[in-house]
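Participant: I'd like to go over a predicted model; first the sequence, then the structure.
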Amino acid sequence: MATANLRELKVEDALLYLDQVKMEFQGKPEIYNEFLDIMKNFKAQTIDTPGVIRRVSQLFRGYNKLILGFNTFLPEGYKIELSHIEAQEKVFQAEEARRLAEQQGQAPGNYSAQEPNYQTSGNDSKPDSGPPAGGPPPP
């Protein structure tokens, strides 16, 4: 996670969180392994911050303590709050309802829900959409 504006991440904090994830899903190692894959993609900057939040929230769905604990890994200006988890749950439910309706051959209904905004109010910059700035300016 070589993003310029990452908070100081202590190795101990990261290891403690990884242990919590491993313990919570000790009977489901595929979830732990999927989490590690998500983190590798985030570090490699193949997914942006909102994308990693969405994927971790979906992977840890129903485990709010783990979702909130993921704040340890987020860049400055981003934070997951309980209200975000509740809003994201509505998004997941709408997506599931839409998929179920499609599988049953029903006409698509209005299954929309608003994605939460994970940026903190003190951050006036544009949403994180990829690698940090620092390369050549756009033409």
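Facilitator: Good, I have the coordinates.
Participant: hey, let's count contacts and neighbours off CA atoms from now on
Facilitator: Will do.
Participant: Could you give the separation of the helix or strand of the chain with the lowest mean pLDDT from the chain centroid?
Facilitator: Within the chain, no helix or strand scores below helix 82-103, which has a mean of 84 by mean pLDDT, DSSP states H and E. Distance of helix 82-103 from its chain centroid, counting by Cα atoms, centre = their mean, to the nearest Å, is 15 Å.
Participant: And for stretch 50-70?
Facilitator: Centroid separation between stretch 50-70 and its chain, computed with Cα atoms, centre = their mean, is 5 Å.
Participant: okay, how far is it across it, tip to tip?
Facilitator: Across stretch 50-70, the terminal residues are separated by 12 Å (Cα to Cα, to the nearest Å).
Participant: could you say what helices and strands the helix or strand that residue 37 is a member of packs with?
Facilitator: If you go by DSSP states H and E, residue 37 is part of helix 29-43. If contacts are counted by 3 or more Cα pairs under 8 Å, 6 or more residues apart in numbering; DSSP states H and E, helix 29-43 sits against helix 11-24, helix 49-59.
Participant: which of the ones you listed sits most buried?
Facilitator: helix 49-59 (a mean of 19; mean count of other Cα atoms under 10 Å).
Participant: Would you mind getting the angle between that one and helix 29-43?
Facilitator: Relative orientation of helix 49-59 and helix 29-43, computed by axes from the mean of the first three to the mean of the last three Cα atoms, to 10 degrees: 180 degrees.
Participant: downstream neighbour of helix 49-59 in the secondary structure list?
Facilitator: Next along from helix 49-59, by DSSP H and E: helix 64-69.
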